[in-house]
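# What follows is a protein structure lacking sequence information:
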């Protein structure tokens, strides 16, 4: 089954990803909005606040970049907030899938063309076997290079395998994290740069550099450390063009890239200046990140310790990334200059993941590019076996489809989202707390609510927005950043809240001093109307004492 039009495969990828997210993901309209994870609730509530006139960093603060909050504001503008989450998330996952497919096609096209002894022009253009050869020629060569006979089918298999890994419970819960949102930009840039490397040209297209600059600027204002993905492109071009004496092209690219980067960040800068939040944006989106990853600015010792601890926790991923090096070397037709970039980018992206004191699994999304060669290598063997055993093309494709379904069955997202576990816990706890408040003598419509801890979904349950800048109590230690904790105590002392809900996160449970300060503040103006528990989650509810 050789289909020359890649657009048909891209359409199929969009349909498959949409169906998978609709059935199994945490942001699907089929499931409750309470399926969302902690970080998503932060982004969602800040976006909701923006729609109603609140300014990020001034009124509602978190340590992510402004473009992330603008995106969630867009989701909240849609008629149904839950549907808005699903539509935007699906577009992001679909774009990721499309560029995984394009990267796979590029690698397979160049490898296949070289295996068939085609001209270098075909390799430079990234032409696939299906376009470069007739069906008869393809059949004649099939025994020698079975992978090349079905490049689109294999690329489809790789794309869906990557999608299921990426949307699994272990990486992103099938939701929309800040790391996921950066991937369409980084993968598109890596696709263009690989296309340049495969071309064999010395002169680098400035149009590509313009794309890198714009994407890097957007990524930088989503999550600052994600911009490290663009460092290997800059280093490689610098060394390569100097070595080839392409000084003029290097200067031209540097100026275009810098200009594009500045253009990309200007909308956020202008908005921040207009709202008077520029200083706060810089502090939260960049400076606070250093505090977040540790006890202040990182030192050589702290980074080395963090790297070691993260490698120990994610050693399987480290090993897989190392194994991807020989797999890519085999697939890239042993082009050494492309391997230089691949290894350099792998090292820098590994550092981007491992530099944090908190080795969260969603950071591993930055490494998804390096899973492509591994799955391609596996698909190479699968394609060869299926061709030898079954000569019919439709059986070959059927085997790939069955493999895709099997991978999805094994994925955590299938098991996790089908159980609707997280949503049941958060929805049940929310209902119990709201009912407890409604049944009390202190019930008012649309009360002012302050949540101390991590159950931010309680704001949605009460139908209100946070009225505290530090509503998302940070998971960092109070010793390294006391301001948010002090602000919560001041808010309770001000006696403006109708309801205060306390549900300790890990750092609070270990901080007895803060717990004592909190209860002393509550004792002055609030009374407890009870507590509730459900499947390991617990919360105590306090209401204003008006008597």
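Nice, I can see it. Quick caveat, the model's predicted, so the values are computed rather than measured.
# hey, let's count contacts and neighbours off CA atoms from now on
Will do.
# what helix or strand does the closest residue to residue 342 other than its chain neighbours sit in?
Using C-alpha to C-alpha, 6 or more residues apart in numbering and skipping residues adjacent in sequence, the residue nearest residue 342 is residue 325, 7.8 Å away. Element membership for residue 325, per DSSP states H and E: helix 315-331.
# immediately after that helix, which helix or strand?
In N-to-C order, the element after helix 315-331 by DSSP H and E is helix 336-354.
# pLDDT on that following helix, on average?
Averaged across helix 336-354, pLDDT comes to 89.
# same question, stretch 364-379
Stretch 364-379 carries an average pLDDT of 89.
# contact partners of it?
Stretch 364-379 has contacts (C-alpha atoms under 8 Å, 6 or more residues apart in numbering) with 100, 104, 147, 154-155, 157-158, 161-162, 166, 171-172, 179-180, 183, 187, 226, 320-321, 323-324, 327-328, 331, 346, 349-350, 352-353.
# Residue 448: what's it in contact with?
Going by C-alpha under 8 Å, 6+ apart, residue 448 touches 464, 467, 496, 497, 498, 499.
# gap between it and residue 457?
As for residue 448, its distance to residue 457 is 15 Å (criterion: C-alpha to C-alpha, to the nearest Å).
# Check residue 224 too.
According to C-alpha to C-alpha, residue 224 and residue 457 sit 26 Å apart.
# okay, these two: which has more neighbours?
residue 457 (25 against 18; other C-alpha atoms under 10 Å).
# Confirm for me that the more buried one is in contact with residue 426.
Yes. Residue 457 lies in contact with residue 426 (C-alpha atoms under 8 Å); the separation is 7.3 Å.
# Which neighbours do these two have in common?
Common neighbours of residue 457 and residue 426, using C-alpha under 8 Å, 6+ apart, are residue 34.
# which stretches of the stretch 201-350 of the chain have low pLDDT?
Scanning the stretch 201-350 of the chain for pLDDT under 70 picks out 289-307, 310.
# which ones are touching residue 17?
Residue 17 sits next to 90, 93, 94, 97, 160, 163 when contact means C-alpha under 8 Å, 6+ apart.
# How about residue 105, nearest residue that isn't a chain neighbour?
In space, residue 105 is closest to residue 155, 6.0 Å off (C-alpha to C-alpha, 6+ apart).
# The one you found - that's part of a strand, no?
No. If the criterion is DSSP: H, G, I helix; E, B strand; the rest coil, then residue 155 is helix and not within a strand.
# ok, it - how many residues close by?
25.
# I'd guessed it sits against residue 99; true?
No. Look at residue 155 against residue 99 with C-alpha under 8 Å: they stay out of range, at 10.6 Å.
# for residue 213, helix, strand, or coil?
helix.
# Look at it and say how many residues are nearby.
27.
# Quickly note the distance from residue 109 to residue 74.
As defined by C-alpha to C-alpha, residue 109 lies at a distance of 38 Å from residue 74.
# Same drill for these two, tell me which one is more crowded.
residue 109 (27 against 17).
# that's a helix at the more buried one, yeah?
Yes. Checked against three-state DSSP, residue 109 lies within a helix.
# is it true that it touches residue 154?
No. The criterion here is C-alpha under 8 Å, and residue 109 misses it with residue 154 at 11.4 Å.
# Does residue 189 touch residue 215 like I think?
Yes. Counting by C-alpha under 8 Å, residue 215 is a contact partner of residue 189 at 7.5 Å.
# ranges for the helices of the stretch 401-547 of the chain?
412-419, 421-438, 457-462, 483-493, 506-509, 512-525 (DSSP state H, counting those that start in this stretch).
# Any idea which of those gets closest to residue 280?
Closest to residue 280 of the helices of the stretch 401-547 of the chain is helix 483-493 (C-alpha to C-alpha; 13.4 Å).
# Go through that closest one and flag the buried ones.
Buried residues in helix 483-493, defined by neighbour count with 16 or more other C-alpha atoms under 10 Å: 484, 485, 487, 488, 489, 491, 492, 493.
# what's around residue 435, how many residues?
When neighbours are counted by other C-alpha under 10 Å, residue 435 registers 12.
# swap that for residue 445, sorry
9.
# what sits against it?
By C-alpha under 8 Å, 6+ apart, residue 445 has no neighbours at all.
# begin at 39 from here
Sounds good: first residue 39 from here, last item residue 483.
# Tell me the gap between the helix or strand harbouring residue 127 and the middle of its chain.
Using DSSP H and E, residue 127 maps to helix 119-153. Taking C-alpha atoms, centre = their mean, to the nearest Å, one finds helix 119-153 lying 14 Å from the centre of the chain it belongs to.
# That one: which residues count as buried?
119-128, 130-152.
# now stretch 272-282
Buried, per 16+ other C-alpha under 10 Å, within stretch 272-282: 272, 274, 275, 276, 279.
# Show only the entries of the residues you listed found in helices.
Judged by DSSP state H, those include 272, 274, 275, 276, 279 as members of helices.
# Mind putting these into CSV with distance to residue 93?
Listed next are these as CSV, based on distance: C-alpha to C-alpha, whole Å:
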residue, distance to residue 93
272, 34
274, 40
275, 39
276, 40
279, 44
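# Next, give me the two most distant ones among these.
272 and 279 (10.6 Å).
# What number of residues are in the vicinity of residue 533?
Neighbours around residue 533, by other C-alpha under 10 Å: 15.
# residues touching it, list them.
So residue 533 contacts 563, 582 (C-alpha under 8 Å, 6+ apart).
# Need phi/psi at it.
Main-chain dihedrals, residue 533, degrees, to the nearest 10: phi 60, psi 40.
# how near is the residue with the shortest distance to the centre of the chain to residue 114?
Against the mean C-alpha coordinate of the chain, by C-alpha atoms, centre = their mean, the closest residue is residue 218 at 1.6 Å. Going from residue 218 to residue 114 by C-alpha to C-alpha gives 19 Å.
# Then residue 192?
38 Å.
# cool, residue 249 as well?
Residue 249 is 28 Å from residue 114, where distance means C-alpha to C-alpha.
# In terms of neighbours, single out the busier of these two.
Shown here are residue 249 and residue 114; by other C-alpha under 10 Å, residue 114 has more neighbours (24 against 19).
# so where do the strands sit in the protein?
Along the chain, counting by DSSP state E, strands occupy 487-491, 537-541, 564-572, 575-582.
# Pairing partners for the second one, with directions?
What that stands for is strand 537-541. Strands that pair with strand 537-541, judged by DSSP bridges, come out as strand 487-491 (parallel), strand 575-582 (antiparallel).
# For that strand, report the contacting residues that lie outside it.
Applying C-alpha under 8 Å, 6+ apart, the set of residues contacting strand 537-541 is 485-493, 576-582.
# quick one on the thing from earlier: now the contacts of residue 486 in TSV, with distance to residue 76?
Formatted as TSV, those follow (distance: C-alpha to C-alpha, whole Å):
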residue	distance to residue 76
502	17
505	18
534	25
535	22
536	23
537	21
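# Which one of the residues you listed sits in the busiest neighbourhood?
Tallying neighbours with other C-alpha under 10 Å puts residue 537 at the head of the contacts of residue 486, with 22 neighbours.
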